[in-house]
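Novice: Turn this into a structure:
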Amino acid sequence: MPVLVITGTGTEVGKTVATAAVAAAALAAGRSVAVLKAAQTGVGPDERGDAQEVARLAGAVTAAEVARFPDPLAPGTAARRAGRAPVRPGEVAEAAGKLATEHDLVLVEGAGGLLVRFDEEGGSLADVAALLSAPVLVVASAGLGTLNTTELTARELGARGLETAGVVIGSWPGEPDLASRCNVADLPAVSGAPLLGALPAGAGALAPAAFRSAAPHWLAPRLHGMWDAEAFRAREGA
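Specialist: Numbering: from 1, shown residues only. From the prediction side, this is the model:
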């Protein structure tokens, strides 16, 4: 799995922190890692973007972006408002391919959900995954409403002949409600893919050393961790 594409089911689901956890676990397993942000929006030229945040939390990763735009909007819209050329899926795939020649693992992080538009033709992260023939990790929220957005994302991946590598819960609450506990069992059912981890709420606020030490405990062996879905379900009463 030299390239793994990481998408959220929407915004604010913990995608960047989950990407950092995957990177940290891979680094702990002795792999070299690059993180590529397809299109960074909502930050200025000298501000830290998502790829740089992953590097801050995870450690010695190569952090790269294809493009960044100042407005906190979908990449295609942000590019248009900035009067700049949009990011094309082919550019992202080419950049990821180059990084893959120099790293054991390349994590390609999208912007928002799977079909957020990069350009006026409707190019998206799904097209990047198709060009790379890469599996897609879906980061989902824990609570009410997540089943619909997760299933829609997985169905779109399946319709395009793409592999859903698994689902990671981006922020698991300290006191989960009934919906969250039930979703531990239901997320694999609606996505047709295994649950590969759950990050505790507030994980991104940990000091980097604590984050790197804990990350493998949040992720399943397929993501270089030691998290066990069945044990998690039993512990959380799911």
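
Novice: so where do the strands sit in this structure?
Specialist: 3-8, 33-37, 40-41, 62-65, 68-69, 105-113, 136-140, 164-172, 195-200 (DSSP state E).

Novice: Tell me where the chain has helices.
Specialist: For the chain, the helices defined by DSSP state H occupy 15-28, 50-58, 75-82, 89-100, 125-132, 146-159, 178-191, 208-214, 229-236.

Novice: Could you say which of those helices is packed most deeply?
Specialist: helix 15-28 (a mean of 27; mean count of other C-beta atoms under 10 Å). In short, each C-beta sits where N, CA and C put it, glycine included.

Novice: which secondary structure elements does that helix contact?
Specialist: For helix 15-28, the packing partners by 3 or more C-beta pairs under 8 Å, 6 or more residues apart in numbering; DSSP states H and E come out as strand 3-8, strand 33-37, helix 50-58, strand 105-113, strand 136-140, strand 164-172, strand 195-200, helix 208-214.

Novice: would you turn those into TSV with distance to residue 93 and mean pLDDT?
Specialist: Formatted as TSV, those follow (distance: least, C-beta to C-beta, whole Å; pLDDT from 0 to 100):
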stretch	distance to residue 93	mean pLDDT
strand 3-8	9	97
strand 33-37	10	97
helix 50-58	17	96
strand 105-113	9	94
strand 136-140	13	98
strand 164-172	17	97
strand 195-200	24	97
helix 208-214	29	98
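
Novice: Highest mean neighbour count out of these?
Specialist: The most buried one of these (mean count of other C-beta under 10 Å) is strand 136-140, showing a mean of 29.

Novice: As a quick check, tell me the outermost residue of this protein.
Specialist: residue 83 (27.9 Å; C-alpha atoms, centre = their mean).

Novice: Tabulate the CA atom coordinates of the helix or strand of the chain with the lowest mean pLDDT in PDB.
Specialist: Every helix and strand of the chain was ranked by mean pLDDT, DSSP states H and E. The lowest is helix 229-236, at a mean of 90. C-alpha atoms of helix 229-236 as PDB (Å, rounded to 0.1, in the frame of the first residue of the first chain):
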ATOM      1  CA  ALA A 229     -12.200  -3.400  17.000                       C
ATOM      2  CA  GLU A 230     -13.900  -6.200  19.000                       C
ATOM      3  CA  ALA A 231     -12.200  -5.200  22.200                       C
ATOM      4  CA  PHE A 232     -13.200  -1.600  21.600                       C
ATOM      5  CA  ARG A 233     -16.800  -2.600  21.000                       C
ATOM      6  CA  ALA A 234     -16.800  -4.600  24.200                       C
ATOM      7  CA  ARG A 235     -15.300  -1.800  26.300                       C
ATOM      8  CA  GLU A 236     -17.600   0.900  25.000                       C
END
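
Novice: That helix to strand 164-172, inter-axis angle?
Specialist: Going by axes from the mean of the first three to the mean of the last three C-alpha atoms, to 10 degrees, helix 229-236 is angled at 20 degrees with respect to strand 164-172.

Novice: how far is helix 229-236 from where the chain is centred?
Specialist: Taking the mean of its C-alpha atoms, helix 229-236 sits 23 Å from the chain's own mean (C-alpha atoms, centre = their mean, to the nearest Å).
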